[in-house]
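J.: 3D, please:
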Amino acid sequence: QVQLVESGGGLVQAGGSLRLSCAASGRTFPSYNMGWFRQAPGKEREFLSAISWSGGTTYYADSVKGRFTISRDNAKNTLYLQMNSLKPEDTAVYYCAAKGRLYPLDAHEYDYWGQGTQVTVSS
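T.: From the prediction side, this is the model:
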């Protein structure tokens, strides 16, 4: 099992940047492929990005490609999401999630979720 805790959210002006972190408990973090999702009020959860257990492979949804960068530090048991050129439509609660390393880097079959961190982008 792994427990996930997001941090780094907040209020930022349009065009600004934030870096989200996701701290994982335990020594099994390198066993998991990781993903970032978000959910805005009244909308379905949206898959944003995923990264392989080694950090060697990444995937991005078209909505964030070129603006967001996913990365991980297995020595620190931490996942990151660097968000640049933020827009008001990026306002949402952001979640990190984990799934086994044998699963593909996509939006499905995540077993563990964090509690989320709020990101608000003002215009």
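J.: next, the contact list for the nearest residue to residue 27 once chain neighbours are set aside, please.
T.: Nearest non-adjacent residue to residue 27, counting by Cβ to Cβ, 6 or more residues apart in numbering: residue 77, 7.9 Å away. Placement of C-beta: from N, CA and C, glycine included. By Cβ atoms under 8 Å, 6 or more residues apart in numbering, residue 77 lies in contact with 23, 24, 25, 26, 27, 29.
J.: next, the spatially most central residue of the chain: secondary structure please.
T.: Against the mean C-alpha coordinate of the chain, by Cα atoms, centre = their mean, the closest residue is residue 36 at 2.6 Å. Of the three states, residue 36 takes strand under DSSP: H, G, I helix; E, B strand; the rest coil.
J.: that one pairs with what?
T.: The partner list for residue 36 in beta bridges (DSSP bridges) reads residue 49, residue 96.
J.: ok, now residue 22?
T.: Bridge pairing for residue 22 - DSSP bridges - gives residue 6, residue 79.
J.: going forward can the numbers begin at 317, since that is how I track them
T.: Understood, numbering begins at 317; the last thing we discussed is residue 338.
J.: how much space separates it from residue 353?
T.: 11 Å (Cβ to Cβ, to the nearest Å).
J.: ditto for residue 407
T.: Taking Cβ to Cβ, one finds residue 407 at 14 Å from residue 353.
J.: those two: which has the busier surroundings?
T.: residue 353 (22 against 18; other Cβ atoms under 10 Å).
J.: ok, now which ones touch the more buried one?
T.: By Cβ under 8 Å, 6+ apart, the contact set of residue 353 is 361, 362, 363, 364, 410, 411, 412, 413, 423.
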